[in-house]
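Trainee: the amino acid sequence is not available; the structure is as follows:
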Ligand code: TXA
Ligand code: MG
């Protein structure tokens, strides 16, 4: 156990905020059983009080103590994907404070796989609320440096575990209303979920729980961004090359000053995405042109984030 982890756990017990790495993105951690700590978390994030946060645990048995009922599907998904980039929405136990659930009757539970996160959770002992460690609505941080840039002195401590491996947020599955419903695509694909569940995973209807990450303009850079089909990139560059920064698969075009080339593999793309959006955002360009990946299942989670980044 490193000295930094011991200190981080001690800070958390005193109600302080500690950012820590997970395999998806960096989380802003706070004691999920402390109303005061969570109030400060919401204040620093700038997050509305009715938006729930995900609570993180060291293992499934500990996590499920926070649920009033654990359906068979939850046991299956936990066995298949925990620790890992999956969040389960279950009915909350009566002991769970409504301050972490945004006043809803359900709670979001996750067991991350990042070794530093697991070490911290084990040393802390309880549940850690940890939304992505950025201000509300902005691009999630995938390095400790991103966290410091975003939150400055508002975060009491940052545990540095290097760049995150997955790079986009966890998959969220609602199991609180009978059948499994995908609330947010992420690190685990629908096909993976369905193969473990042995049944189809639905998409949300209007009665599904609220997910702030599903607000249209979430995960957004400050510079206006446009998602452009591969075939349209050339003419957009001809139109506004000098004004634009480009995120694309191909080699740089001489008419564009700021160009980030992305991998053609969706897993590698996701890993680089948020750092790339931050880079583009600080380039001084007037508009960000993003070449759209193909609309196929393997690109679903990435496309979801790109579509939100490109909304205003
Ligand atoms: O990968 C992740 O999930 C990262 C890392 C740090 O673990 N965390 C993360 O947290 O993305 P956050 O708070 O930025 O996003 C959590 C999402 C929100 O969209 C929230 O609305 C949803 O989870 N959520 C949490 N609890 C919920 C609940 N009880 N019902 C419905 N949605 C819930
Ligand atoms: Mg977030």
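Mentor: Thanks, I have the structure now. Predicted model, so just to flag it, every value in this text is computed and none were measured. Ligands and ions are numbered 1, 2, ... in the order given.
Trainee: can you name the residues that contact residue 79?
Mentor: Shown in contact with residue 79 (CB atoms under 8 Å, 6 or more residues apart in numbering): 60, 196. Quick note: C-beta positions are derived from backbone N, CA and C, even for glycine.
Trainee: quick one: it from residue 107, how far?
Mentor: 20 Å (CB to CB, to the nearest Å).
Trainee: what does residue 116 give?
Mentor: The span separating residue 116 from residue 107 equals 24 Å under the rule CB to CB.
Trainee: before we move on, what about residue 258?
Mentor: With distances taken as CB to CB, residue 258 is found 42 Å from residue 107.
Trainee: more crowded one of those two?
Mentor: For the pair residue 258 and residue 107, the greater number of neighbours falls to residue 107 (28 against 16), based on other CB atoms under 10 Å.
Trainee: settle this for me: that one is touching residue 66, isn't it.
Mentor: Yes: counting by CB atoms under 8 Å, residue 107 sits close enough to residue 66 to count as a contact (5.6 Å).
Trainee: are there residues contacting both of these two? Which ones?
Mentor: What both residue 107 and residue 66 touch, as defined by CB under 8 Å, 6+ apart, is the set 55, 90, 92-93, 96.
Trainee: can you select the buried ones from these in ChimeraX?
Mentor: Listed next is the ChimeraX selection for buried residues among the shared contacts of residue 107 and residue 66, using 16 or more other CB atoms under 10 Å:
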select :55,90,92,96
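Trainee: out of the shared contacts of residue 107 and residue 66, which is nearest to residue 250?
Mentor: residue 55 (42.1 Å; CB to CB).
Trainee: ok now the helix or strand in which the closest one is found, how far from the chain's centre?
Mentor: Taking DSSP states H and E as the definition, one finds residue 55 inside strand 54-56. Taking the mean of its C-alpha atoms, strand 54-56 sits 12 Å from the chain's own mean (CA atoms, centre = their mean, to the nearest Å).
Trainee: helix or strand right after it?
Mentor: Toward the C-terminal end, the helix or strand that comes next after strand 54-56 (DSSP H and E) is helix 60-64.
Trainee: make a markdown table from the shared contacts of residue 107 and residue 66 and add secondary structure to it.
Mentor: Conversion of the shared contacts of residue 107 and residue 66 to a markdown table gives the following (DSSP: H, G, I helix; E, B strand; the rest coil):
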| residue | secondary structure |
| --- | --- |
| 55 | strand |
| 90 | strand |
| 92 | strand |
| 93 | coil |
| 96 | coil |
